[in-house]
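A structural model of the following input is requested.
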Amino acid sequence: MLSVLRNPTYRRLFGAQVVALTGTGLATVALSLLAYDLAGADAAAVLGTALAIKMAAYVLIAPLVGALAGRIPRRALLVSMDLARATVVLALPFVSRIWQVYVLILLLQAASAAFTPAFQATVPQVLPEERDYTEALSLARLAYDLESLASPLLAAALLTVVPYSWLFAATAAGFLGSGLLVRSTTLPDADPDDDVGRAGRGPGARTYAKAAAGIRLVLAAPRLRALLALDLAVAAAGAVVLVETVLLVRGTLGRPAGDVPLALGAYGAGSMAVALLLPRLLERGGDRAVMLWAVRVLPVALGLLALGLAVPPGPWSWPALLAVWLVTGAAGSAVLTPGGRVVRGSVRSGDLPAAFAARFSLSHACWLLAYPLAGWLAATAGPAASAAVLTVVALVGAATAARLWPAKDHEPERDHEPGRDREPKKTDQEPKTDRDRGTDPAPLPERSPRSGVRRSAGPSRSASRP
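Numbering: from 1, shown residues only. Model (predicted):
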């Protein structure tokens, strides 16, 4: 998996991602402590509202930024968003009102909603080979999992010598470090072969047309509609873990506060283990088989949790919870990590920013639904009822994904997207391709669903650029 780091451009991008994620993890701890200082017993409500604002920013802003991404140099966009995030974070220690926290969180997450889809759309242009891109996705998943484990430990160590307000300074340093790494990297420009919103329309009209086009791309392709159903199942399971862990460990099981990070660590450990194994699994089984198999595990795990919570706890309860969290993290990682491959294989290169932004926005809409649902049900009806309802949601997502994703859709394959014709029959004079040899197929020529103009989907033309 680490062989992909031999690419100097991707190595810098991955370093930027790791540094920024570490800072984000520190900010999560610092924000929790800030909320407690401002709201006391109502800190959970403050954090819940802040999380809802975060999801709303992702849902509303990401498609618009994805539409603008083709008009702004990629490096300039990423660096400017890192600078914006660092500036906002430095202002957080000085707030004295809860509404000020909400405003700054909105600005922070708006910048993140701009940064993340643009970053995601850059990686497949830097790594046009399918195997390299798959390894990059696994490394990215691993970085997220390591952040969930390492950042709280780093924050705990820092808090022994500095007040929590200094964690915001460390977060800003992470964003600045990310910006410097991106600034030192030559990135490919957006693919100019994009005909959305031309024909004399104004810049504003083109922006909204491209944002709508990105959402239409996601909703038009059967694979991408299935991907949204998969996101719903993962959000249902993830919301139970992230919202109810404290309640289950401290309340239901009556265990000490130190066991809370252990439970979350089991969730992260399962995700990390699968991220390491996933490149080989995808090479053997393909995206559809691996993702649909994994998503079926999620409602089973939640159902077992609901059943376990319906009976009095015993000595078995704690190891059982760790096992359920471990399996849930592993299954969620197997569903989420290949998502970038599915998006990349379903749209042409020029549409990648809009497609990634639309998928980013719509997937977070699933979390926007799951987070408050899990929290409200756990608070009013109890953790068992919450787990039972979210089991149904995950089951619906899994069943819908299996129904929407065509069974004959062999991965990785990009030769038959909605509204596109298959590759014309090759003549004897044409050179043989990887598809003719029976190896991992290269992308075949595609048609734009809007213009019908044929172009080659791979290797990306941007790969030849510095």
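
Beyond the strand or helix carrying residue 279, next helix or strand please.
Per DSSP states H and E: residue 279 is located in helix 259-285. The helix or strand immediately downstream of helix 259-285 is helix 287-309, counting by DSSP H and E.

Only the buried residues of that next one, if you could.
Using 16 or more other CB atoms under 10 Å as the test for burial, helix 287-309 gives 287-288, 290-292, 294-306, 308-309. (Each C-beta comes from the backbone N, C-alpha and C, glycine too.)

same check, this time on stretch 175-183
In terms of neighbour count (16+ other CB under 10 Å), stretch 175-183 has its buried residues at 175-182.

Residues contacting that stretch, please?
With CB atoms under 8 Å, 6 or more residues apart in numbering as the test, stretch 175-183 has contacts from 12-13, 15-17, 19-20, 23, 75, 78-79, 82-83, 85-86, 89.

nearest spatial neighbour of residue 10, skipping sequence neighbours?
Of all residues not flanking residue 10 in the chain, residue 126 sits nearest, at 5.2 Å (CB to CB, 6 or more residues apart in numbering).

so how many other residues sit close to the one you found?
Using other CB atoms under 10 Å, the number of residues around residue 126 comes to 23.

Okay, it and residue 132: tell me how far apart.
9 Å (CB to CB, to the nearest Å).

intersection of neighbour lists for these two?
Common neighbours of residue 126 and residue 132 are listed as 7, 10 (criterion: CB under 8 Å, 6+ apart).

Check which residues of the helix holding residue 279 are buried.
Quick answer for helix 259-285 (16+ other CB under 10 Å): 259-275, 278-279, 281-282.

Which element, helix or strand, includes residue 111?
With DSSP H and E as criterion, residue 111 is part of helix 98-126.

packing partners for that helix?
Here helix 98-126 touches helix 8-39, helix 43-68, helix 74-91, helix 130-159, helix 339-344, helix 352-380, going by 3 or more CB pairs under 8 Å, 6 or more residues apart in numbering; DSSP states H and E.

and the angle for the last one with helix 74-91?
Okay, so that is helix 352-380. Put simply, helix 352-380 runs at 30 degrees to helix 74-91, going by axes from the mean of the first three to the mean of the last three CA atoms, to 10 degrees.

From the contact counts, what lies against helix 352-380?
Helix 352-380 is packed against helix 43-68, helix 98-126, helix 203-220, helix 222-246, helix 339-344, helix 383-404, with contacts defined by 3+ CB pairs under 8 Å, 6+ apart.

Nearest residue to residue 404 in space, please, no chain neighbours.
Nearest-residue entry for residue 404: residue 226, 4.0 Å, with adjacent residues in sequence omitted and distances by CB to CB, 6+ apart.

Hmm, residue 399 and that neighbour touching each other?
No: if you go by CB atoms under 8 Å, residue 226 and residue 399 don't touch, sitting 10.9 Å apart.

Near the nearest residue to residue 60 once chain neighbours are set aside, how many residues? Count them for me, please.
In space, and not counting its chain neighbours, residue 60 is closest to residue 361: 7.3 Å by CB to CB, 6+ apart. Residue 361 sits with 26 neighbouring residues when counted by other CB under 10 Å.

Which per-residue confidence value corresponds to residue 361?
Residue 361 carries a pLDDT score of 75 in this model.

ok, so what distance separates it from residue 230?
Separation of residue 361 from residue 230 (CB to CB): 16 Å.

cool, residue 363 as well?
Remark: distance between residue 363 and residue 230 (CB to CB) = 9 Å.

So between the two, which is more surrounded?
residue 230 (30 against 23).

Return the residues in contact with that one.
Contacts for residue 230 were tallied using CB under 8 Å, 6+ apart; they are 291, 295, 335, 339, 397-398, 401.

how does it look with 7 Å?
Each residue near residue 230 by CB atoms under 7 Å, 6 or more residues apart in numbering is listed here: 291, 295, 335, 397, 401.

I'd like these written out as CSV, with distance to residue 115 added.
Shown next, in CSV, are the contacts of residue 230 (distance: CB to CB, whole Å):
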residue, distance to residue 115
291, 26
295, 28
335, 23
397, 27
401, 28
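
which pair in the residues you listed spans the largest distance?
Taking CB to CB as the measure, the contacts of residue 230 span a maximum distance of 11.6 Å, between 291 and 397.

In three-state terms, label residue 406 for me.
Classification of residue 406 by DSSP: H, G, I helix; E, B strand; the rest coil places it in coil.

wait, it sits on residue 222?
Yes: Residue 406 is in contact with residue 222 according to CB atoms under 7 Å; the separation is 5.7 Å.

And these two? Which one has more around it.
Neighbour count, other CB under 10 Å: between residue 406 and residue 222, residue 222 has more, with 15 against 12.

Please tell me how far the more buried one sits from residue 402.
From residue 222 to residue 402 the distance is 12 Å (CB to CB).

ok, now residue 275?
23 Å.

Ok, residue 8 next?
From residue 8 across to residue 402, the span is 41 Å (CB to CB).

Give me the more crowded residue out of the two.
The residue with more neighbours, out of residue 8 and residue 402, is residue 402; 17 against 11, by other CB under 10 Å.

Once you drop chain neighbours, what's closest to the more buried one?
Ranked by CB to CB, 6+ apart and with sequence neighbours excluded, the top spatial neighbour of residue 402 is residue 292, at 5.5 Å.

right, and the one you found touches residue 404 too?
No: Residue 292 sits out of contact with residue 404 when judged by CB under 7 Å, with a separation of 10.5 Å.

What is the burial count for the closest residue to residue 243 other than its chain neighbours?
Nearest non-adjacent residue to residue 243, counting by CB to CB, 6+ apart: residue 374, 4.4 Å away. Counted with other CB under 10 Å, the neighbours of residue 374 add up to 26.

you'd agree residue 374 is up against residue 388?
No: with contacts counted by CB under 7 Å, residue 374 stays clear of residue 388, the gap being 11.4 Å.

which residues touch the helix or strand hosting residue 334?
Following DSSP H and E, one finds residue 334 within helix 317-336. Applying CB under 7 Å, 6+ apart, the external contacts of helix 317-336 come out as 141, 230, 234, 237-238, 241, 248, 253, 255, 263, 266-271, 273-275, 278, 290-291, 294-295, 297-298, 301, 304-305, 308.

mean confidence for it?
Per-residue pLDDT over helix 317-336 has a mean of 92.

Give me the angle between that helix and helix 383-404.
Relative orientation of helix 317-336 versus helix 383-404 (the same axes, to 10 degrees): 20 degrees.

Can you list the buried residues in helix 317-336?
Within helix 317-336, the residues that qualify as buried are 317-318, 321-322, 324-336, counting by 16+ other CB under 10 Å.

how much does the helix holding residue 279 deviate in direction from helix 317-336?
Going by the same axes, to 10 degrees, helix 259-285 is angled at 40 degrees with respect to helix 317-336.
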